[in-house]
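>>> can you look at this prediction? I've put the sequence above it.
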Amino acid sequence: CLVGVPRESSAGERRVALVPKIVSALIGKGVDVVVESGAGLGALIPDDLYTAAGAKIGDPWSADVVVKVAPPSTDEISRISAGTRLIGFLNPRNADNRIAELEAAGIEGYAMEAIPRISRAQVMDALSSQANVSGYKAVLLAASESTRFFPMLTTAAGTVKPATVLVLGVGVAGLQALATAKRLGGRATGYDVRPEVADQVRSVGAQWLDLGIDAAGEGGYARELTEDERAKQQRALEEAIKGFDVVITTALVPGRPAPRLVTAAAVEGMKPGSVVVDLAGETGGNCELTEPGQTVVKHGVTICSPLNLPASMPEHGSELYSKNISALIELMLVDGALAPDFSDEVLAGACVTREEKGA
Ligand code: NAD
């Protein structure tokens, strides 16, 4: 089986789907790897580290399986031959994904987002590995935009109180944000509509904000709130947000626009110099005043909406993602050849073009 690693072409994408360490591990399992020249440069990995790991430098598009980070462009799809497998983020829940194009081209697509979130598949869970990067980086961004210290400081020139940080939406990114805010010395509080998260929040030393709403949905995700719940949440959050120096939002509902948690009035209620980092910009944002991809100042509050934060940490982002990708490839291998068994719920879940292919 030959695995191809292209150079990512989408703007700002610095990650690469396989790093040399994982390439040599795959080669040890009987897989051959071909890497496009320059594929690792965004993550500061030169070609010669790939060749030292046993890969060839060449055309990745004619391999048996092409592994990518960002969804493929139409041009990239045109370079992949029918019957080839493609693994990467494919945006299956996004209306403008290119899955129909993959189907039409006879490409068997595996979406990293569609891997079931069961214990056995944790090693392949790229949403989680990359959400950890986002949660961590969101806090660093907030700290650097803030006009205040995060830790409590006791100095000869006076004492500074610790920053108060509220994280709205405590999935993987939110939990990492809480832990990172704590490590920086901030006072962290977490809120989510899934009450089961309260213990996880407390386990990283943060406080749990209880608004009495339970909207746990399917598969460990949240459901959309009813009108009444939304109004109750909005009132309670508007009041709570006033007391925080930093608000980090990560709330998502699968397949739906991001819930609006921070209203314009809530921003207006914050002290000037406070910061909102909105990680939900790609689906419209959790803050009413968010401008996706921009940093804006409204009512004296800095509102940042960084897009694709994992790409801003390409070294560790790629390292973790590579492990997710190689674990999925290994699951598809039988005696060194690709032979995915679709009675396995992980492969059946991840493969997003199979129905059409079998039809
Ligand atoms: P996500 O990115 O889909 O959403 C982020 C958070 O936003 C979620 O915690 C969600 O409950 C919250 N949210 C949605 N609407 C909200 C609202 N109106 N107000 C406040 N918060 C709101 O979540 P995720 O990080 O992908 O995690 C989703 C689930 O998957 C979690 O239960 C997580 O523990 C689970 N998970 C399981 C595995 C595994 O077992 N393999 C791995 C990772 C995550």
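On my side now, so go ahead.
>>> in terms of helices and strands, where is the closest residue to Thr180 other than its chain neighbours?
Distances taken as CB to CB, 6 or more residues apart in numbering place Val139 nearest to Thr180, at 4.1 Å, with adjacent residues excluded. From N, CA and C alone the C-beta is placed, and that goes for glycine too. Using DSSP states H and E, Val139 falls within helix 126-145.
>>> burial count for the residue of the stretch 101-250 of the chain found nearest the ligand?
Nearest to the ligand, among the residues of the stretch 101-250 of the chain, is Gly171, at 2.2 Å (CB to the nearest ligand atom). Neighbourhood size, Gly171 [other CB atoms under 10 Å]: 21.
>>> so which bits of the helix holding Val139 are buried?
126-139, 141-143, 145 (16 or more other CB atoms under 10 Å).
>>> how about it, does it get close to the ligand?
Yes - contact of helix 126-145 with the ligand (CB under 6 Å from any ligand atom) involves 127-128, 131.
>>> can you list the residues you listed in a markdown table and add pLDDT?
As requested, the residues of helix 126-145 next to the ligand are exported to a markdown table (pLDDT from 0 to 100):
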| residue | pLDDT |
| --- | --- |
| Leu127 | 97 |
| Ser128 | 97 |
| Ala131 | 98 |
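>>> write out the residues of the stretch 51-200 of the chain neighbouring the ligand.
Within the stretch 51-200 of the chain, the positions near the ligand by CB under 6 Å from any ligand atom are 117-119, 121-122, 125, 127-128, 131, 168-174, 191-194.
>>> just say helix, strand or coil for Glu268.
Classification of Glu268 using DSSP: H, G, I helix; E, B strand; the rest coil returns helix.
>>> could you report the neighbour count for it?
14.
>>> let me see the contact set for it.
His299 (CB atoms under 8 Å, 6 or more residues apart in numbering).
>>> now the one 4 residues further on
Remark: with contacts taken as CB under 8 Å, 6+ apart, Pro272 is in contact with 299-301.
>>> among those, name the buried ones.
Buried by 16+ other CB under 10 Å: Val301, out of the contacts of Pro272.
>>> closest one of the contacts of Pro272 to Ile45?
Taking CB to CB as the measure, Ile45 lies nearest Val301 of the contacts of Pro272, at 38.8 Å.
>>> pretty sure the closest one is touching Ala265, no?
No - using CB atoms under 8 Å as the test, Val301 is too far from Ala265 to be in contact (12.0 Å).
>>> mean confidence score for stretch 285-297?
Throughout stretch 285-297, pLDDT has a mean value of 98.
>>> which other residues reach it?
Against stretch 285-297 from outside (CB under 8 Å, 6+ apart): 145, 168-169, 247, 249-251, 258-264, 267, 276, 278-282, 284, 298, 302-307.
>>> can you list which of those are found in strands?
Under the assignment DSSP state E, those contribute 168, 247, 249, 276, 278, 298, 302-304 to strands.
>>> now do the helix or strand where Ala173 lies: which elements does it pack against?
Ala173 is part of helix 172-183, with elements assigned from DSSP H and E. With contacts defined as 3 or more CB pairs under 8 Å, 6 or more residues apart in numbering; DSSP states H and E, helix 172-183 has these neighbours: helix 126-145, strand 164-168, strand 187-191, helix 198-203, strand 246-249.
>>> dump the ones in strands among the contacts of stretch 285-297 to TSV, plus neighbour count and distance to Phe149.
Below are these laid out as TSV (neighbours: other CB atoms under 10 Å; distance: CB to CB, whole Å):
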residue	neighbour count	distance to Phe149
Leu168	30	22
Val247	30	17
Thr249	30	22
Val276	30	18
Asp278	28	22
Lys298	17	23
Thr302	20	16
Ile303	25	20
Cys304	23	18
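>>> redo those residues as JSON lines? Include distance to Ala327.
Output for the ones in strands among the contacts of stretch 285-297, formatted as JSON lines (distance: CB to CB, whole Å):
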{"residue": "Leu168", "distance to Ala327": "31"}
{"residue": "Val247", "distance to Ala327": "35"}
{"residue": "Thr249", "distance to Ala327": "30"}
{"residue": "Val276", "distance to Ala327": "36"}
{"residue": "Asp278", "distance to Ala327": "31"}
{"residue": "Lys298", "distance to Ala327": "43"}
{"residue": "Thr302", "distance to Ala327": "39"}
{"residue": "Ile303", "distance to Ala327": "37"}
{"residue": "Cys304", "distance to Ala327": "33"}
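>>> what strand or helix carries Ala327?
Per DSSP H and E, Ala327 falls inside helix 314-332.
>>> what strands line up against the helix or strand just after that helix, and which way round?
Using DSSP H and E, the helix or strand that follows helix 314-332 towards the C-terminus is strand 333-334. With DSSP bridges as the test, strand 333-334 is paired with strand 337-338 (antiparallel).
>>> with just CA atoms, put the helix or strand just after the strand it pairs with into PDB.
Sequence order places helix 345-350 as the next helix or strand after strand 337-338, per DSSP H and E. Extracted in PDB, the C-alpha atoms of helix 345-350 (Å, rounded to 0.1, in the frame of the first residue of the first chain):
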ATOM      1  CA  GLU A 345     -18.400   0.900  13.000                       C
ATOM      2  CA  VAL A 346     -15.300   3.200  13.000                       C
ATOM      3  CA  LEU A 347     -14.600   2.700   9.300                       C
ATOM      4  CA  ALA A 348     -18.300   2.600   8.300                       C
ATOM      5  CA  GLY A 349     -18.800   5.900  10.200                       C
ATOM      6  CA  ALA A 350     -15.700   7.600   8.700                       C
END
